[in-house]
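Q: take a look and give me a structure for this.
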Amino acid sequence: MVISSIIFIVLALLLSYLYYRKTTPNISFSKKIFLISLRTITYFVLFLLIYSPIYNNIRKKKIPENIIILNDDSNSVNLKKLNKQTILRDSLIKKISDRGYSIKSFDFSDGLKGNPKNTLLIKTLQQLKNKHLLKYSKSIILNSDGYFHDSDLTTLQNFPIPIFPILRIKNSPLPDLKIEDLKINDEVFRDEKTPIKIKIKSTHFSGKAEAIINYDSKEIRKNIFLDSLKINEINLNAKFSKIGIQKISIEIRGNNLKKEINFYNNQLIRNIVVKNNRNKVIVVSDELNWDAAYIIKSISGEKRWKSKFYLFRNGNFYLSQKRKSLPKMLETANLLVIVQTHKLQFTKQQITLITNFVKNGGGLLFQGKFNPELKKILPIKTFYSQENIDIMTWTNNIADYSIYSNLKNADIPPISFWEIEPKINVKILARSNNYPTIISSKYANGKILYLNCLNLWKWELSGKNQSYFNFMNHTIKWLGSKNSKLFEATLPKYDFDLNESIQIGLEAVDQNLNPRENIEAKISVFNSKKKLVFSDFFTKKNQLWKIQIPSLPKDSYHFEVIEEKTGLRSKGDFVVNDNNLEYKDVNWNESALQYISEITNGKIIRKVSDLDLTKPHISEETSLIEIYLYKKWYFFLIFIFTFTLELFIRKRNGLL
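A: Okay, here's the model as predicted:
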């Protein structure tokens, strides 16, 4: 570009000189020089715009290696006195500068210049990377207390430069009481005993304390003795009388303990959901037997389900030798299980009740010898009284039921079965000696699974990985699931802290509990004033439908998920507390800082001499600067000015 500019200047000057070498009339030498200069400038600008409208300038710059200083300015750090830590950091900065390194210093918390109520190291480092600030960096000096709320620090394993955490402070000898953990199910059921376990950490304090627990409009005070050498526990059972989201608050007070490092971590608030009732399974049989017992045992492992066993004798149902009414039994039931070992002789009224229960969407699991009184709803056309014993094998139809996909190679011992002929339009899932032993069918709105066998419980004794219980659990969920359970939004918990992202999942399955592939589900989130605060569609990640909601302010929230084309919907609630995670962190998390230094090939800096520095590497950066001349207005202004000025002077002097 420089050479071409010189050529353009010489050419413009030469052409201008030749043009004004002889003029008519003759003009003075000074005017001639001035006109030649104007014409030279006009030609030069014109040549640049025509031949080279883009000006390229190559610059070379020497850049020394730099070291990044990351200063944690979160609330947890501001609670502590960092005088010694700051002095060490400043001494390190002087050493780094004296060795010839450039220094880049950044404050961070929830990212660079982020919210001090949270500390995210991974997010901060990713921001540095995205802004290309690590390009000429040799290492990072980390000035922090070590309390980070990143979900996974192992991602630092691939970080390109070492991190050197500063650790000069010794942990305070002052006492501190902290509620370390509260264990309670996120979902509990009304009027049922709910175990609560509270873990308390007592640092530099052993003695009497008081725990104050508030829930369900009750206050419980417990006198406890805290031991500083171990994690202290409080165990109690609670009953909740109200349904919906319920708050539990816990506070710890040490007797005669007037001074602590941090009082913020002496209390904890947790929100749970209290549900009305568990899903109900009615198990009926003509005698006590192992098949019924193992079905009940499999149900007991599911927290959302409960079962009751009724013995049927002489046309009546008995629960613990007390006669019960079938209408009341089925009134709130999701699933009816009938195990027939000999013969159940139901009355016409009972048959009608069972038929209507299935017709209206109730599930039916029938196991054992065929009952002709229920022929209308059972998937059997013909029953032969011949009983056989043989092994059971799965059919290809099992592929239509993803819930049974892992049972294809299950080791099932020989079972007792009967020779039967199934109805049409049913699915045979398993056979024994070519006779159906497991049949799936429908009756109106209800789902039915017929087990043409007994002694299936022995499968659990010989099977691996609790195959029998898995089979029964999946079967009970499938048969007992109403349509509302086929499209259900799920939360990992029901209360969140400030600045905590909220992830909601969506379970969408068909009538056979097979996952649905194409879903257009939209979520709408409302605050306590019923104002819409968030709305978006679910997306599929790693075979799961999820949506991430950004952090929300303190409030109670309600959400609704709707799929327009199917009309399916799900709803739920959650709470955002004003718990500040930073205020719970006291002292210094030396183990986290040590881990960060090791995983990134750095080391802990306790004194200035711990930082070894070699001579900084000088990099040369070549940059290309492009100037678009045709976009510069002043180039055209110069051209117009010199051209018009020349014309004006020529006309005034009478030049042709």
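Q: name the nearest residue to Lys565, sequence neighbours excluded.
A: Spatially, and ignoring its direct neighbours in sequence, Lys565 is nearest to Glu520 (6.7 Å; CB to CB, 6 or more residues apart in numbering). The C-beta positions use only the backbone N, C-alpha and C, and glycine is treated the same way.
Q: what is the neighbour count of that neighbour?
A: Other residues near Glu520 come to 11 when the count uses other CB atoms under 10 Å.
Q: list the contacts for it?
A: By CB atoms under 8 Å, 6 or more residues apart in numbering, Glu520 lies in contact with 537, 563-565.
Q: how close does it get to Leu513?
A: Using CB to CB, to the nearest Å, Glu520 is found at 21 Å from Leu513.
Q: picking that back up, ok, now how distant is the residue nearest to Lys565 from Lys541?
A: With the distance defined as CB to CB, Glu520 ends up 16 Å from Lys541.
Q: how about the helices in the stretch 251-400 of the chain?
A: 290-300, 326-331, 348-359 (DSSP state H, counting those that start in this stretch).
Q: can you tell me which of the ones you listed is most buried?
A: helix 290-300 (a mean of 20; mean count of other CB atoms under 10 Å).
Q: just checking, what packs against that one?
A: Helix 290-300 sits against strand 279-285, strand 305-313, strand 333-340, strand 363-368, helix 467-480, with contacts defined as 3 or more CB pairs under 8 Å, 6 or more residues apart in numbering; DSSP states H and E.
Q: could the helices of the stretch 251-400 of the chain be laid out in TSV, adding distance to Tyr20?
A: What follows is the helices of the stretch 251-400 of the chain, written out as TSV (distance: least, CB to CB, whole Å):
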stretch	distance to Tyr20
helix 290-300	108
helix 326-331	113
helix 348-359	109
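Q: closest one to Asp145 among those?
A: Closest approach to Asp145 among the helices of the stretch 251-400 of the chain (CB to CB): helix 290-300, 46.2 Å.
Q: quick one: mean pLDDT for the helix or strand hosting Thr42?
A: Assigned by DSSP states H and E, Thr42 falls within helix 29-51. Averaged across helix 29-51, pLDDT comes to 83.
Q: please identify the buried residues of it?
A: Judged by neighbour count using 16 or more other CB atoms under 10 Å, the buried positions of helix 29-51 are 31-32, 34-36, 38-45, 47-48.
Q: pLDDT of stretch 369-378, averaged?
A: 93.
Q: ok, residues contacting that stretch?
A: Counting by CB under 8 Å, 6+ apart, 338, 340-346, 351, 354-355, 358-359, 364, 366, 380, 383, 418, 420, 441, 443, 446, 448, 450, 452, 454 sit against stretch 369-378.
Q: pLDDT weak spots in the stretch 351-500 of the chain?
A: 463-465, 482-485 (pLDDT under 70).
Q: now do the strands in it.
A: Using DSSP state E, counting those that start in this stretch, the strands of the stretch 351-500 of the chain run over 363-368, 380-390, 393-394, 415-422, 427-432, 435-443, 446-451, 453-454, 487-490, 495-496.
Q: out of the ones you listed, which gets nearest to Asp227?
A: Of all the strands of the stretch 351-500 of the chain, strand 495-496 sits nearest to Asp227, with 29.5 Å by CB to CB.
Q: partner strands of that closest one, with direction?
A: The pairing partners recorded for strand 495-496 under DSSP bridges are strand 568-576 (parallel).
Q: quick one: contacts of the following helix or strand past the partner strand?
A: Counting by DSSP H and E, the next helix or strand C-terminal to strand 568-576 is helix 590-599. Contact with helix 590-599 is made by 121, 142, 144, 146-148, 153-154, 156-157, 159, 162-165, 167, 602-604, as judged by CB under 8 Å, 6+ apart.
Q: surely His149 forms part of a strand?
A: No. Secondary structure of His149 (DSSP: H, G, I helix; E, B strand; the rest coil): coil, not part of a strand.
Q: tell me how far it lies from Phe366.
A: 52 Å.
Q: the more surrounded of these two?
A: Neighbours around His149 and Phe366, counted as other CB under 10 Å, are more numerous at Phe366. The numbers are 23 against 19.
Q: give the contact list for the more buried one.
A: Phe366 touches 337-338, 340, 374, 378, 448-451, counting by CB under 8 Å, 6+ apart.
Q: run through the stretch 551-656 of the chain and note the low-pLDDT ranges.
A: Ranges of the stretch 551-656 of the chain meeting pLDDT under 70: 579-587, 623-624, 629-630, 656.
Q: residue contacts, the residue most central in space within the chain?
A: Note on the chain: the residue nearest the mean C-alpha position is Gln503, at 4.7 Å, using CA atoms, centre = their mean. Counting by CB under 8 Å, 6+ apart, Gln503 touches 492, 546-549.
Q: before we move on, what about Leu365?
A: Applying CB under 8 Å, 6+ apart, we find Leu365 in contact with 295, 335-338, 448-449, 451, 475-476, 479.
Q: between all of these, which two are separated the most?
A: Ile295 and Ile448 (15.5 Å).
Q: ok, and what's touching whichever strand or helix holds Ser4?
A: Secondary structure from DSSP H and E places Ser4 in helix 2-20. For helix 2-20, the surrounding residues in contact (CB under 8 Å, 6+ apart) are 32, 35-37, 39-44, 47-48, 51-52.
Q: repeat that with 7 Å
A: Residues from elsewhere that reach helix 2-20 (CB atoms under 7 Å, 6 or more residues apart in numbering): 32, 35-36, 39-40, 43-44, 47-48, 52.
Q: what separation is there between the closest residue to Glu564 other than its chain neighbours and Thr566?
A: Nearest non-adjacent residue to Glu564, counting by CB to CB, 6+ apart: Glu520, 6.9 Å away. Distance, Glu520 to Thr566, using CB to CB: 9 Å.
Q: closest to Leu236 among the buried residues of helix 29-51?
A: Set against Leu236, the nearest of the buried residues of helix 29-51 by CB to CB is Leu48 (86.4 Å).
Q: now the closest one: how far from Asn445?
A: Taking CB to CB, one finds Leu48 at 83 Å from Asn445.
Q: list the contacts for Val77?
A: So Val77 contacts 144-145 (CB under 7 Å, 6+ apart).
Q: so which strand or helix has it?
A: Assigned by DSSP H and E, Val77 falls in helix 75-78.
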